[in-house]
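Undergrad: Dropping a prediction and its sequence here:
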Amino acid sequence: MKKKILIVAGDPESINSEIIFKSWKQLSKTQKKRIFVIANFELLTKQFKRLDYKIKTQKVKNIYSNSNSYNLKIINIDLKFKNPFNINRQSLKKYISKSFDLAHKNGLNLKKVSGIINCPINKTHLNLNNQGITEYLAKKCKVKKNSEVMLIKNKNLAVTPITTHINIRDISKKIKRNLIMIKLKSLNTNYKKYFNKKPKIAILGLNPHNAELKKNSEENKVIIPVIKKLKKIGLKVSGPFPADTIFISDHQKYDVIVGMYHDQVLGPFKALYKFYAVNLTLGLPYLRVSPDHGVGLDIVGKNKANEQSLLECIKFLTKFS
């Protein structure tokens, strides 16, 4: 029996029901049998109806129910609402929190579940205090020493930021030797675990033109010493490279480009590959992936959302049977 794939429907006030429907229509029967969606059954079916989507849904109790069904199987999370696209704030927060709690609990069942996919959420709905789902699940899994790693990947390239969801003004204070060392060692170990390859890694500097490698720069004081240590313990790392030129062509020589902050690597990556990628959290006890985009507030209900990244997530997890 193939392992289950869990999809957290995520934020109701979003494009999530649209990308779930569009993805579902493109899946094989074998893939459909494996998928369970964590959502409020009535909410999701009413959203489909509002969007004029014809899809067979089925309310189930858990991942052991109706495992051979080709219907969209929905594990129900209680939620009271009047408008399926406009939910009371407190009810919405509890709903999303309960959805992630159930996904986390099931995700730990590695014998039955390949992994979890969370559709996008508005981060304020989980009281994340300027953090993302990466950090939220790392805390839930009691991951120690910041060893969780955000990896955005497709068949051509992957990128990783050392710091993730923090304000720009705080980045330089967070760039420490120990943090980079922990992240890179975790990246190297988990990349080999899931992709059967020791990655060739390019590390970027923090400042424009690497601050010309001035004596007091983060490049000279922090990044270069760490690269030397990583090389000594056997990691295939190079750098630091200037962030403004690496994505012209040199990125093609590497498996992973590591930046010092979120937009330094995610912006160029998305410009190159659009939605053909998955957001993967390394270092958790289970596989967690998500589409590499947000809730799409400006196009909710307009049938304009691109489902490709969710499809990429499903394809990725189907490899882990």
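TA: The structure has been received and is ready for your questions. Residues are numbered from 1 along each chain as shown.
Undergrad: quick one: the strands in the stretch 201-321 of the chain?
TA: Using DSSP state E, counting those that start in this stretch, the strands found in the stretch 201-321 of the chain span residues 236-241, 256-259, 278-282, 288-291.
Undergrad: possible to save those as JSON lines with mean neighbour count, mean pLDDT and distance to residue 222?
TA: C-betas here are computed from N, CA, C, even on glycine. Putting the strands of the stretch 201-321 of the chain into JSON lines (neighbours: other Cβ atoms under 10 Å; pLDDT from 0 to 100; distance: least, Cβ to Cβ, whole Å) gives the following:
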{"stretch": "strand 236-241", "mean neighbour count": "20", "mean pLDDT": "97", "distance to residue 222": "10"}
{"stretch": "strand 256-259", "mean neighbour count": "26", "mean pLDDT": "98", "distance to residue 222": "13"}
{"stretch": "strand 278-282", "mean neighbour count": "25", "mean pLDDT": "93", "distance to residue 222": "22"}
{"stretch": "strand 288-291", "mean neighbour count": "26", "mean pLDDT": "94", "distance to residue 222": "29"}
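Undergrad: Nearest to residue 48, out of the ones you listed?
TA: strand 288-291 (18.6 Å; Cβ to Cβ).
Undergrad: Pull the distance from the closest one to the chain's centre.
TA: Averaging C-alpha positions (Cα atoms, centre = their mean, to the nearest Å) puts strand 288-291 4 Å from its chain's average.
Undergrad: cool, stretch 200-210 as well?
TA: Per Cα atoms, centre = their mean, the centroid offset for stretch 200-210 relative to its chain is 23 Å.
Undergrad: and residue 304, which of the strands of the stretch 201-321 of the chain is closest to it?
TA: Of all these, it is strand 288-291 that lies closest to residue 304, at 15.0 Å by Cβ to Cβ.
Undergrad: who touches that closest one?
TA: The contact list for strand 288-291, computed with Cβ atoms under 8 Å, 6 or more residues apart in numbering, reads 19, 107, 115-120, 133, 137, 275, 278-281, 309-310, 312-313, 316-317.
Undergrad: Reformat the strands of the stretch 201-321 of the chain as CSV; add distance to residue 184.
TA: Listed next are the strands of the stretch 201-321 of the chain as CSV, based on distance: least, Cβ to Cβ, whole Å:
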stretch, distance to residue 184
strand 236-241, 7
strand 256-259, 7
strand 278-282, 11
strand 288-291, 20
